[in-house]
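Participant: Below is the structure, and that's it, no one-letter string:
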């Protein structure tokens with residue numbers, strides 16, 4: 001039985017934990033089949049992968065020929081060996097061999113194969129306990145210990161401290177298991193201050209933007225054709241961008257703001273939406289914006305009233321997968337190639353709903369859109385994006401932006417051929433949505 005790889009769609013054996021071709025983790029691997037002979041080379045998977053990559057099976061054939069025929073000591077046979085057959089009776093023996101004996105010799109006794117146990121499915125971990133009661137008990141026990149000490153009762157203080165120690169252990173365990181907020185990562189930009197300009201989506205305004213910003217016509221045209229807001233200039237000091245900001249407002253009539261990186265970091269962290277209904281939204285705090293299915297069971301959803309949406313920022317995050325480039329044949333093929341090459345990508349739709357005091361993030365494939373009727377998850381998300389202006393008539397809708405990775409990942413130490421690395425555009429979208437919030441919701445005096 002074969003199972004297609006979720007990344008490259010190539011068939012793999014059902015017991016494989018990773019894809020034989022691209023190294024992607026396979027879902028729900030079954031128990032491996034029982035051994036049927038020699039164990040083969042220990043690095044058989046790597047030899048098969050190298051044969052597929054290089055187009056040559058010489059190394060694989062040589063390893064198979066040199067492998068032992070029978071099972072090795074490290075992998076004993078599941079069925080114990082039968083005792084040796086007894087010597088046949090002499091021809092002149094008056095007693096013939098007991099062919100009709102109800103108990104045949106052990107050599108001819110068929111041993112039924114041991115049933116393969118079905119893979120155990122682990123139950124999802126229970127949600128972590130709330131640390132607030134344990135923290136309250138800790139505070140009460142410490143206060144009681146202080147009161148006992150002040151009134152000259154050291155024995156009572158000792159008993160209270162023992163209770164405080166138990167409450168401290170319970171609170172520490174609950175806090176350690178609590179889901180962590182997603183790590184805020186912004187693109188690695190050297191200059192911390194940016195001049196943000198509304199994208200007019202009109203190439204005819206390139207000349208006016210070039211004059212206002214003091215840049216060449218090609219750079220100005222990239223800003224002019226953009227339908228969404230764009231970072232026009234970056235600088236080390238905000239004062240260097242005051243004059244270009246005023247020129248853009250006065251000469252082109254477009255909105256412009258000077259935004260510092262510290263201002264972006266001070267914006268509220270979005271909450272992940274698990275479900276959006278007409279009257280109730282289900283929100284949570286997750287360690288990532290695309291949590292794995294086994295991690296979603298540990299999340300603590302909270303019911304909340306719909307947000308007073310003032311701005312909707314639409315984006316599409318590109319997640320690229322990289323793998324180590326294979327070395328070619330010939331004289332240079334013996335050198336290990338440490339370069340990374342792109343092995344595929346996937347795109348995730350996202351919408352940030354900004355309100356006066358918070359932000360809610362809607363992620364394609366994660367958020368359940370109960371009020372949208374469509375045939376598939378992708379069509380349901382597209383219908384939700386198309387209906388933003390109707391659902392939130394008072395909100396400013398920022399057009400969709402494609403957010404690609406700003407750089408390829410760095411190969412970690414111990415990285416092996418066949419493994420894959422990912423680099424996503426989530427940092428780019430994080431900067432874009434925070435710039436949109438500061439530029440579109442904050443007063444101009446606070447951002448410029």
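Facilitator: Perfect, thanks for sending it. What you see is a predicted model; the values in this text were computed from it and never measured.

Participant: What pLDDT is listed against the closest residue to residue 144 other than its chain neighbours?
Facilitator: Residue nearest to residue 144 in three dimensions, not counting chain neighbours: residue 160, with 4.2 Å by Cβ to Cβ, 6 or more residues apart in numbering. (Each C-beta comes from the backbone N, C-alpha and C, glycine too.) Residue 160 carries a pLDDT value of 86.

Participant: Can you tell me the SS state at residue 160?
Facilitator: Using DSSP: H, G, I helix; E, B strand; the rest coil, the structure places residue 160 in helix.

Participant: Would you mind confirming that it is in contact with residue 141?
Facilitator: Yes - counting by Cβ atoms under 8 Å, residue 160 touches residue 141, with 5.2 Å between them.

Participant: ok, back up a step: check contacts around the residue nearest to residue 144.
Facilitator: The neighbourhood of residue 160, defined by Cβ atoms under 8 Å, 6 or more residues apart in numbering, consists of 141, 142, 144, 145, 148.

Participant: In the stretch 201-350 of the chain, what residue spans correspond to strands?
Facilitator: Ranges of strands in the stretch 201-350 of the chain, per DSSP state E, counting those that start in this stretch, are 230-235, 256-260, 271-276, 281-284, 302-304, 311-324, 340-354.

Participant: Are there helices or strands packed against the second one, and which ones?
Facilitator: On a contact count with 3 or more Cβ pairs under 8 Å, 6 or more residues apart in numbering; DSSP states H and E, strand 256-260 meets strand 193-197, helix 242-252, helix 426-440, helix 444-447.

Participant: quick one, which of the ones you listed is nearest to residue 288?
Facilitator: Of all these, it is helix 426-440 that lies closest to residue 288, at 8.7 Å by Cβ to Cβ.

Participant: quick one: low-confidence parts of this protein?
Facilitator: For the chain, the stretches flagged by pLDDT under 70 are 34-40, 53-55, 67-130, 176-184, 287, 292-298, 325-339, 411-419, 442-448.

Participant: contacting residues for residue 271?
Facilitator: 283, 284, 285, 358, 359, 360, 361.

Participant: what residues are up against the residue nearest to residue 392 when sequence neighbours are not counted?
Facilitator: Closest residue to residue 392 apart from its sequence neighbours, by Cβ to Cβ, 6+ apart: residue 309 at 4.4 Å. With contact set as Cβ under 8 Å, 6+ apart, residue 309 has these partners: 353, 354, 355, 392, 394, 395.

Participant: which stretches of the protein form helices?
Facilitator: 44-54, 58-66, 131-150, 154-177, 206-213, 217-224, 242-252, 261-265, 293-296, 377-386, 388-391, 426-440, 444-447 (DSSP state H).

Participant: Of the contacts of residue 309, keep whichever come out buried.
Facilitator: Buried by 16 or more other Cβ atoms under 10 Å: 353, 354, 355, 392, 395, out of the contacts of residue 309.
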